[in-house]
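1. Model the following, please.
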Amino acid sequence: MARYTGPKSKIARKFGEPIFGPDKSFERKNYPPGQHGSAKRRKKMSEYGIQLQEKQKAKYTYGILEKQFRNLFEKASRKKGITGEILLQLIESRLDNVVYRFGIAPTRSAARQLVGHRHIVVNGEVVNIPSYQVKPGDIVGVREKSKSLEVIVNSLEGRGNRFSWMEWDAEKMNGRFINLPPREEIPENIKEQLIVELYSK
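-> So this is what the prediction gives:
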């Protein structure tokens, strides 16, 4: 399966929450898509179905394909600690997500595009791989030639969330990834334990 490029509201409605951020279309139709979406009686989902839906939600939220997601899970399961928590930390430290969290891009897909088009530097070197794993202490910033790009300037002006695990320098247009985020500070509504149960079958 290639990356999903269809209407995002449809996906948000499928999961019953605006996973891609504020969405007026979702607010108007906050029931599942399809002919019978607004019907009150829904078939009870199996345990496997619930686990699968949680994994799909995480994949769509972060824009990760199945193979990459599975590789991250296997990497997380080899590390010491709570596998689900480590999985989310690995996903959060992907370069495209870090660029989004710093507010350099308004969405994760926009962040992925900025990385792919060589607008982002890590420790002074251009990195154009969205799945690049940022390590604690790394400095992620905007390439000198790209600092006047309208999409970046507008996004940084509307910077909202501040996170304890990152430090932003507005003057230099770069930020330090201080440490892996603690689970309680990751705002995404993902039940990672269900994903671990699914892959552990």
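
2. residue boundaries of the helices in this protein?
-> 8-15, 24-28, 47-62, 66-78, 83-92, 95-102, 108-116, 150-157, 192-199 (DSSP state H).

3. Could you list every helix and strand in contact with the fourth one?
-> For helix 66-78, the helices and strands in contact under the criterion 3 or more C-beta pairs under 8 Å, 6 or more residues apart in numbering; DSSP states H and E are helix 47-62, helix 83-92, helix 192-199. Just so you know, the C-beta spots here come from the backbone N, C-alpha and C atoms, and that holds for glycine as well.

4. What ranges in this protein fall below the confidence cut-off?
-> Applying pLDDT under 70 to the chain flags the ranges 1-43, 160-161.

5. that older thread, Throw the helices of the chain into CSV and include distance to residue 164 and mean neighbour count, thanks.
-> Output for the helices of the chain, formatted as CSV (distance: least, C-beta to C-beta, whole Å; neighbours: other C-beta atoms under 10 Å):
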stretch, distance to residue 164, mean neighbour count
helix 8-15, 27, 19
helix 24-28, 29, 13
helix 47-62, 20, 17
helix 66-78, 22, 15
helix 83-92, 13, 21
helix 95-102, 11, 25
helix 108-116, 20, 20
helix 150-157, 19, 14
helix 192-199, 20, 19
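
6. ok, back up a step: mind checking which of the helices and strands packed on helix 66-78 is nearest residue 77?
-> helix 83-92 (5.1 Å; C-beta to C-beta).

7. Leaving aside the residues adjacent along the chain, what's closest to residue 113?
-> In space, and not counting its chain neighbours, residue 113 is closest to residue 105: 7.7 Å by C-beta to C-beta, 6 or more residues apart in numbering.
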